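Engineer: I would like the atomic coordinates for the input below:
(chains A and B)
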Amino acid sequence: MKKLEIIDLHVEVNGTEIIKGVTLTFLPGKVHALMGPNGSGKSTLANAIMGHPKYKITKGRIMLDGKDITKEKANVRAKEGIFLSFQYPAEITGVTISNFLRTAVNNKREKKLSIIDFHNLLKEKMAELKMDPSFNKRYLNAGFSGGEKKRAEILQLAMLEPKYALLDETDSGLDIDSIKIVAEGIEKVRKQKAMGIILITHYQRILEYLTPDEVSILYKGKIIQQGGKELAKKIESEGFEGIIKK
Amino acid sequence: MTLLKQLITNKEKAKELFKSLETPLLEYGPGIQLQLNELDLNQVIAKVNEEDKIQITAPEGVQVLQASETNPFILEEHFDGLIKANENKHLALHYTILNDTRIIIIPENLTARTPIIITSNTTKKAKAENIIIIAEPTSTATIIEKSSTEKEAFFKSKTIQVYARDGANISFYSVQDHANGTYGFTVKRGKVYRDAKINFTDIILGGKYSQLHMQTQLICPGAKVEKKTISIGQNNEVFDINTESIHKAMHTESAMFSRSVLNENTRTIYRGKIKINKENKKCIAHQKSENLILGEKARCDAVPILEVKNDEVICSHGASIGHIDPEKIFYLTSRGIDEESAQKIIIAGFVEPIIQEFPEGSQVELRQRIHKRIGHQE
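Structural biologist: Numbering: from 1, shown residues only, chains lettered A, B, ... in the order given. Predicted structure coming up:
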């Protein structure tokens, strides 16, 4: 069966254990919201799944559609279909969005896109995300506003069409109109490509557009509660404190 | 004294100087002993092959002269006027073997429609060149200068002197692409008059040893200079970049910006100096040096110097030496790009802003050459 599984995962950063045995299953086409207070380990978990070398997996496994990818490098995981939308994407000066994406897209494809086909595809995806066409000439994330960075992340997602997308606080820094546009962009890939979504968020807002099938609460490196979309609503009314106390 | 005699006398003097001057050991950073005494002077002081001569194409209106055709009055005023044989051993050698001088005059009020292209490829053991650019008042021109050498070349030296008269605007782009056995020396001097501007952009791609010493004098109010330099080193190449802006008048502006990429065992020494005297207030001067170390044994020294004798100026300086940020590598690898390619994309990006400075028509070729050098495939 197709799924992204993390099994009893333990993750260390600079010698400190942050993730202390997490087991989760993410399914194609489903939205899985991962919530929790600041410092609970959400971003650490996302980075560890993507394969950041600084985040050391000391125990446990990551299985992608039945294949063990625990020891694979980030670029291999990306090629297998994992995508991370960064909370704070790196700024790469001197490299235009267009050039970078052409390299990334062609790198993933067996048959390379011609320059014209690539640009048509990019234009189409940018229009869907209501991005100015001149944006593709700008250097990747360099001098972007918070909102522009998030949109550029989702543009990459739309171009790369991963099997599973980790969205790390993609809604933060976006105004309400932008959240809607970005969420629609994500939804489109989910529906068309049965992309599984792991949505890391503090807020309820984006969940109005991306309805979670499952909600997991991470606290101090462990999953303390799981449920359906009603759990997210409960957090909104009671806060994390109410849930943690129980 | 006739011009020819004058030149011969200069040569003899220079030869004596070359023999008497000490071989320099660079003061800063990794000392390197230049093996200039290896040259057999009798062998290298010879007529230049036709194919090794400086080639110049210039748009209509621009005058290009060889030393022998030049009006002696122009020469007296300019030739050897700023750069002298007795300054150091290399310059003494330069003037000993100098046998290719060109003078480019951009007449008053002329706006050159297309760039002036200067190329020179060296196939013999040694070559010395002298280029004098005189931009008459309110003239505008773009100059692209390319220097290359073949593997036989041991010594290649250039003196370049640019005079930007009142209101003139000169953009001078240089690409140095030497074979890996060549010691390359470039001395550039600029004199900037009232409300005139010079932009110098230098790309240094190779050679055993590459020296670029630039000095610009801003001699009248409103004078401006911008200098941008990038070097990309491989193997055991050494780069010595020394750039100086001397503010000799009030209300003058200078900016110096350098970047270097250091692979393998490359060494780079960067020195940048801003000099403003007590009486020259209201000046603006900035400098920045950014160095990207890739090779484990690569070494870099960046020495920014400010000699500012009054408070009524705006000055800044900064230098950074570092490795590629691992977060940038992770970001690119998370998009499916392998680590080595990610590194090359980042280096290409580091160089790109300097390529963008070049006139549009020359960018594609230049980018291809640089990407080939850093091993980046698009």
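Engineer: looking just at contacts, which helices and strands does the helix or strand where B:Gly349 lies meet?
Structural biologist: B:Gly349 is part of helix B:339-357 when elements are defined by DSSP states H and E. Contacts defined by 3 or more CB pairs under 8 Å, 6 or more residues apart in numbering or on different chains; DSSP states H and E place helix B:339-357 against helix A:97-108, strand B:197-204, strand B:224-233, strand B:253-262, strand B:283-293, helix B:326-333, helix B:360-374. Where C-beta positions appear, they are placed from N, C-alpha and C, glycine not excepted.
Engineer: Okay, buried residues for stretch B:217-233 please.
Structural biologist: B:217-220, B:222-233 (16 or more other CB atoms under 10 Å in any protein chain shown).
Engineer: same question but for stretch A:33-42, I mixed them up
Structural biologist: Within stretch A:33-42, the residues scored as buried using 16+ other CB under 10 Å are A:33-37, A:40-42.
Engineer: what about it, distance to the chain center?
Structural biologist: Centre-to-centre, stretch A:33-42 and its host chain are 14 Å apart (CA atoms, centre = their mean, to the nearest Å).
Engineer: Next up, phi/psi of whichever residue of chain A sits closest to chain B, please.
Structural biologist: Nearest residue of chain A to chain B (CB to the nearest CB) works out as A:Gly94 at 2.9 Å. As for A:Gly94, its main-chain torsions (degrees, to the nearest 10) stand at phi 80, psi 0.
Engineer: and the residue nearest to it when sequence neighbours are not counted, how many neighbours?
Structural biologist: Excluding its sequence neighbours, the residue lying closest to A:Gly94 (CB to CB, 6 or more residues apart in numbering or on different chains) is B:Gly349, at 2.9 Å. Counted with other CB atoms under 10 Å in any protein chain shown, the neighbours of B:Gly349 add up to 22.
Engineer: my guess is B:Gly349 meets A:Thr93, correct?
Structural biologist: Yes - contact criterion CB atoms under 8 Å: B:Gly349 and A:Thr93 qualify, at 5.5 Å.
Engineer: which residues do those two both contact?
Structural biologist: A:Tyr139 (CB atoms under 8 Å, 6 or more residues apart in numbering or on different chains).
Engineer: Check which residues of the helix or strand that contains A:Ala183 are buried.
Structural biologist: A:Ala183 is part of helix A:176-193 when elements are defined by DSSP H and E. For helix A:176-193, burial by neighbour count (16+ other CB under 10 Å) applies to A:178-183, A:185-187, A:189-190, A:193.
Engineer: State the distance from B:Lys15 to B:Ala128.
Structural biologist: 12 Å (CB to CB, to the nearest Å).
Engineer: who touches both of those two?
Structural biologist: B:Thr96.
Engineer: Looking at those two, which is more packed in?
Structural biologist: B:Ala128 (26 against 18).
Engineer: any idea which helix or strand carries that one?
Structural biologist: strand B:126-135.
Engineer: residues contacting A:Tyr139?
Structural biologist: Applying CB under 8 Å, 6+ apart to A:Tyr139 gives the contacts A:91-97, B:349.
Engineer: What pLDDT does the model give it?
Structural biologist: Looking at A:Tyr139, its pLDDT stands at 96.
Engineer: Could you do B:Leu4 as well?
Structural biologist: 51.
Engineer: rewinding a little: can I get the buried ones among the contacts of A:Tyr139 as something I can paste into PyMOL?
Structural biologist: Here is the PyMOL command that selects the buried residues among the contacts of A:Tyr139 (16+ other CB under 10 Å):
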select buried, (chain A and resi 91+92+94+95+96+97) or (chain B and resi 349)
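Engineer: Check what pLDDT residue 15 gets.
Structural biologist: In the absence of a named chain, chain A is used. 94.
Engineer: look at chain B instead
Structural biologist: pLDDT, B:Lys15: 84.
Engineer: What of the one 3 residues further on?
Structural biologist: Predicted confidence (pLDDT) for B:Phe18: 84.
Engineer: and the next element down the chain from the helix or strand harbouring it?
Structural biologist: Here B:Phe18 sits within helix B:3-20, counting by DSSP H and E. Sequence-wise, the next helix or strand downstream of helix B:3-20 (DSSP H and E) is helix B:41-44.
Engineer: So which other helices or strands are in contact with the following helix or strand past that next one?
Structural biologist: Proceeding N to C from helix B:41-44, the next assigned helix or strand is strand B:55-57, under DSSP H and E. Counting contacts by 3+ CB pairs under 8 Å, 6+ apart, strand B:55-57 is packed against strand B:116-122.
Engineer: before we move on, back to that, thinking the residue of chain A closest to chain B is in contact with B:Ile347, fair?
Structural biologist: No - if you go by CB under 8 Å, A:Gly94 and B:Ile347 don't touch, sitting 9.0 Å apart.
Engineer: Direction-wise, compare the helix or strand hosting A:Ala165 with helix A:176-193 and give the angle.
Structural biologist: Assigned by DSSP H and E, A:Ala165 falls within strand A:164-168. Interaxial angle of strand A:164-168 relative to helix A:176-193 (axes from the mean of the first three to the mean of the last three CA atoms, to 10 degrees): 170 degrees.
Engineer: gap between strand A:164-168 and the chain center?
Structural biologist: 2 Å.
Engineer: For chain A, what's the nearest residue on the stretch 1-150 of chain B?
Structural biologist: Nearest residue of the stretch 1-150 of chain B to chain A, counting by CB to the nearest CB: B:Ile144, 21.2 Å away.
Engineer: now swap in chain B and tell me
Structural biologist: B:Gly349 (2.9 Å).
Engineer: State the pLDDT value of that residue.
Structural biologist: So B:Gly349 comes in at 96 (pLDDT).
Engineer: Same question for the one 3 residues further on.
Structural biologist: At B:Glu352, the predicted lDDT confidence score is 95.
Engineer: give me the number of residues near it?
Structural biologist: With other CB under 10 Å as criterion, B:Glu352 counts 20.
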